[in-house]
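Q: sequence first, then the predicted structure:
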Amino acid sequence: MPDEFEAVLQPEAGFLLADRAIVAHVTLARRLGAEVNENEAVRRWQVIGDRLEVETDRARHETGSLSLAAGAWTAKLLDPLKTLAIPERQVVGWFATDGPHFAPGQFPVFILDCPGNGTFYGIPQQHEEGFKVGKFHHRCQTVDADSIDRRIVPEDITVLTGIGDYLAKPMGAPVGFKTCMFVNSPDEHFILDALPEHRNVVVAAGFSGHGYKFCAAVGEILADLAMQGHTPHDTHLFKLSRPALGQHRPVSATAVGGPEA
Ligand SMILES: Cc1cc2nc3c(=O)[nH]c(=O)nc-3n(C[C@H](O)[C@H](O)[C@H](O)COP(=O)(O)OP(=O)(O)OC[C@H]3O[C@@H](n4cnc5c(N)ncnc54)[C@H](O)[C@@H]3O)c2cc1C
């Protein structure tokens, strides 16, 4: 690292294998009685009196409360979120390594803030996958979740190999890339709140690239809000009414609402 950089090392830090963690959460939820309908897309929802109806590509469900957490697609289900939860194209890459320098125990999970050159992040080598690198806001490309271009172009690779300037050992050839999306809120804090017009509709969005590690707590908060209407967790930073969201709220949606009641 350049001499002028400062470092904070947390020896107890680690990383989650998100795919496995999701399977674990769903397995536990089912064991506790939850009904999880996979591959069932929500088309629309509407308020009917004090109840809600959710229409999917398979069925209509009636419910007393609804939590909307559709990632990059959330604004498609809740129009006023268009200016508050904005999908952004991201590319992560895996690179070959030569020797053990990038192995867990030798190489950290890192976030590297490089003045004038953005912020890289990555995790050590996993099995044969190589070590993983991404850069926050990648090429600053706001996208529509349904029409994002997932093809990898040379500019994507150039962004990621920029980390090489800061590594003690040369990084190897690319092993693979994946295109995905961040969903950014204006202040990059989460949006976790009930809608002012429909308190039985709760939204979780705008995780701005750092939501996964909090998903267990987020789920607890959503369940509290949906079932009790309040939560003991301090969520003031995540409220729809916080000032940082005010100037981005569309004029017609000062009170954020769902479809016509
Ligand atoms: C490259 C990259 C690196 C990241 N690194 C980290 C990290 O290091 N640490 C961290 O904490 N977070 C990280 N994140 C962020 C983390 O992945 C997100 O914050 C988190 O996944 C957001 O959860 P979500 O439930 O809002 O959205 P998602 O995880 O995207 O889940 C939304 C789900 O809703 C489904 N859906 C969408 N529309 C509908 C519909 N109409 N009907 C039914 N289902 C629908 C989608 O298919 C999807 O399964 C990273 C993200 C990316 C892209």
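A: Arrived safely, thanks for sending.
Q: other residues contacting the helix or strand of the chain with the lowest mean pLDDT?
A: Ranked by mean pLDDT, DSSP states H and E, the weakest helix or strand in the chain is helix 243-246, scoring a mean of 91. Residues from elsewhere that reach helix 243-246 (CB atoms under 8 Å, 6 or more residues apart in numbering): Leu84, Ser185, Pro186, Asp187, His189, Ile191. Where C-beta positions appear, they are placed from N, C-alpha and C, glycine not excepted.
Q: which two of these have the greatest separation?
A: Using CB to CB, the pair of the contacts of helix 243-246 lying farthest apart is Leu84 and His189, separated by 10.9 Å.
Q: joint contacts of the two?
A: Gly206.
Q: give the buried residues for the least confident helix or strand of the chain.
A: For helix 243-246, the buried set under the neighbour-count rule, 16 or more other CB atoms under 10 Å, comprises Leu245.
Q: gap between that helix and the chain center?
A: Relative to its chain's centre, helix 243-246 lies at 20 Å (CA atoms, centre = their mean, to the nearest Å).
Q: got the CA coordinates for it in PDB?
A: Below are the C-alpha coordinates for helix 243-246, written out as PDB (Å, rounded to 0.1, in the frame of the first residue of the first chain):
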ATOM      1  CA  PRO A 243     -34.700  14.900   5.500                       C
ATOM      2  CA  ALA A 244     -32.100  13.400   3.100                       C
ATOM      3  CA  LEU A 245     -35.000  11.800   1.100                       C
ATOM      4  CA  GLY A 246     -37.200  14.800   1.100                       C
END
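Q: tell me which residues touch the residue of the stretch 101-250 of the chain found nearest the ligand, please.
A: Proximity to the ligand, evaluated over the stretch 101-250 of the chain using CB to the nearest ligand atom, is greatest for Gly211 at 2.5 Å. Going by CB under 8 Å, 6+ apart, Gly211 touches Phe190, Val218.
Q: before we move on, what about Phe136?
A: Listed by CB under 8 Å, 6+ apart, the contact set of Phe136 reads Gly118, Thr119, Phe120, Tyr121, Gly209.
Q: and those residues as TSV, adding pLDDT, neighbour count and secondary structure?
A: Output for the contacts of Phe136, formatted as TSV (pLDDT from 0 to 100; neighbours: other CB atoms under 10 Å; DSSP: H, G, I helix; E, B strand; the rest coil):
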residue	pLDDT	neighbour count	secondary structure
Gly118	94	15	coil
Thr119	97	13	strand
Phe120	97	20	strand
Tyr121	96	18	strand
Gly209	96	18	coil
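Q: redo those as JSON lines? Include distance to the ligand.
A: JSON lines is the format used below for those (distance: CB to the nearest ligand atom, whole Å):
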{"residue": "Gly118", "distance to the ligand": "14"}
{"residue": "Thr119", "distance to the ligand": "12"}
{"residue": "Phe120", "distance to the ligand": "12"}
{"residue": "Tyr121", "distance to the ligand": "6"}
{"residue": "Gly209", "distance to the ligand": "5"}
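Q: between Leu84 and His189, who's got more neighbours?
A: In this view Leu84 and His189 are compared by other CB atoms under 10 Å, and Leu84 has more residues nearby, 26 against 17.
Q: which residues touch the more buried one?
A: Ala75, Ser185, Pro186, Ile191, Ala205, Gly206, Leu240, Leu245, His248, Arg249.
Q: any idea which of these is closest to Ala7?
A: The closest of the contacts of Leu84, once distances to Ala7 are taken by CB to CB, is Ser185, at 28.8 Å.
Q: Leu66 versus the closest one, what's the distance?
A: To Leu66, Ser185 is 20 Å away according to CB to CB, to the nearest Å.
Q: cool, Gly33 as well?
A: Counting by CB to CB - Gly33 and Leu66 are separated by 19 Å.
Q: who has more neighbours, these two?
A: The neighbour count for Gly33 versus Leu66, taken as other CB under 10 Å, is higher for Leu66 (22 against 6).
Q: show me what contacts the closest residue to the ligand within the stretch 51-200 of the chain?
A: Taking CB to the nearest ligand atom, the ligand has its nearest neighbour within the stretch 51-200 of the chain at Gly71, 2.5 Å off. By CB under 8 Å, 6+ apart, Gly71 lies in contact with Ala145, Met181, Val183, Ala205, Phe207.
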